[in-house]
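Participant: got a predicted structure here, sequence first:
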Amino acid sequence: MKLAPRERKLLLALAALGGLAGLRALWSLMAPSPLPAEPAAASAVAKRSAATRSNFGKSSRRAAQELPKEIVELQLADLETPPRALSVGRDPFRFAPPPPPPPPPPPTKAELEEMKRQQEARRLAAEEAARQAAIPRPPPVSVVYLGSFGTAERRIAVFADDKGENLYNVRVGEVVEGKFIVDRIGYESVDLKFVGFPDEPAKRLPIGG
């Protein structure tokens, strides 16, 4: 049976270990005998030699027991583990704040022209608003038309101020509150013009308006 590279390496390592143990035992046996010593020292040397031989025997037996009884073919697919899903988060090795984002690209020629056009439109609109604000305008109507009485030739219109505290009886051509000229008196409405604005069209007020 053909062995995989990893199994072959394992067997070579075990063989090398057994060879080293054998060389060590052989060297211990071939070493020169020590000089005659006292009985206690000689006894100690003998015990160490015996322990060395015993250890060598145990190592050889252990190596023989650890050899595999059966060689199983290694499946390389079993060594491959599926990659784990990673989520982007804070880098634990980065203590400084993240760098700022890159600046936006400069505007194109068309974008610059559009910006100029919008800026010019805003300028013209501001100028027109200022011009309209400078034009004099008639004041808002601040009286309420209550109705009229009298003949058709000498009809009198009745007004009240916006607070309801004062009443005004006015004929056609007369002025109310110094701002409004009665231009026409009808049965259900009245037309008012404005003092100082002869070209301004008259404003019609219904009864109660």
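Facilitator: Looks like it arrived, so ask away.
Participant: run a quick neighbour tally on the residue nearest to G178 when sequence neighbours are not counted.
Facilitator: Closest residue to G178 apart from its sequence neighbours, by Cβ to Cβ, 6 or more residues apart in numbering: V195 at 6.7 Å. For the C-beta atoms, the positions are set from N, CA and C on the backbone; glycine is no exception. Neighbours of V195 under the rule other Cβ atoms under 10 Å: 14.
Participant: got it, and G196?
Facilitator: 9.
Participant: so who does it touch?
Facilitator: Counting by Cβ atoms under 8 Å, 6 or more residues apart in numbering, G196 touches P136, P138.
Participant: can you report phi and psi for it?
Facilitator: For G196, the backbone dihedrals (degrees, to the nearest 10) come out as phi 90, psi 0.
Participant: all numbers from here: first residue = 397
Facilitator: Right, with 397 as the first residue, what we last looked at is G592.
Participant: state the pLDDT value of it.
Facilitator: Here the pLDDT value assigned to G592 is 90.
Participant: so how far is R533 from it?
Facilitator: Look at G592 and R533: by Cβ to Cβ, to the nearest Å, they are 11 Å apart.
Participant: then F576?
Facilitator: F576 is 14 Å from R533, by Cβ to Cβ.
Participant: higher neighbour count, these two?
Facilitator: A count of neighbours by other Cβ under 10 Å puts F576 above the other of F576 and R533, at 25 against 10.
Participant: that one - nearest residue in space that isn't next to it in sequence?
Facilitator: L588 (4.6 Å).
Participant: my understanding was that that neighbour contacts P602; is that so?
Facilitator: No - assessed by Cβ atoms under 8 Å, L588 is found out of contact with P602, at 11.9 Å.
Participant: and the two? Which one has more around it.
Facilitator: L588 (23 against 10).
Participant: who does the more buried one bridge with?
Facilitator: V578, K599 (DSSP bridges).
Participant: measure it to V571 for me?
Facilitator: 10 Å.
Participant: any residues in contact with both of the two?
Facilitator: I577, V578.
Participant: by mean pLDDT, point me to the weakest helix or strand of this protein.
Facilitator: One helix or strand of the chain scores below all others by mean pLDDT, DSSP states H and E: helix 435-462, with a mean of 55.
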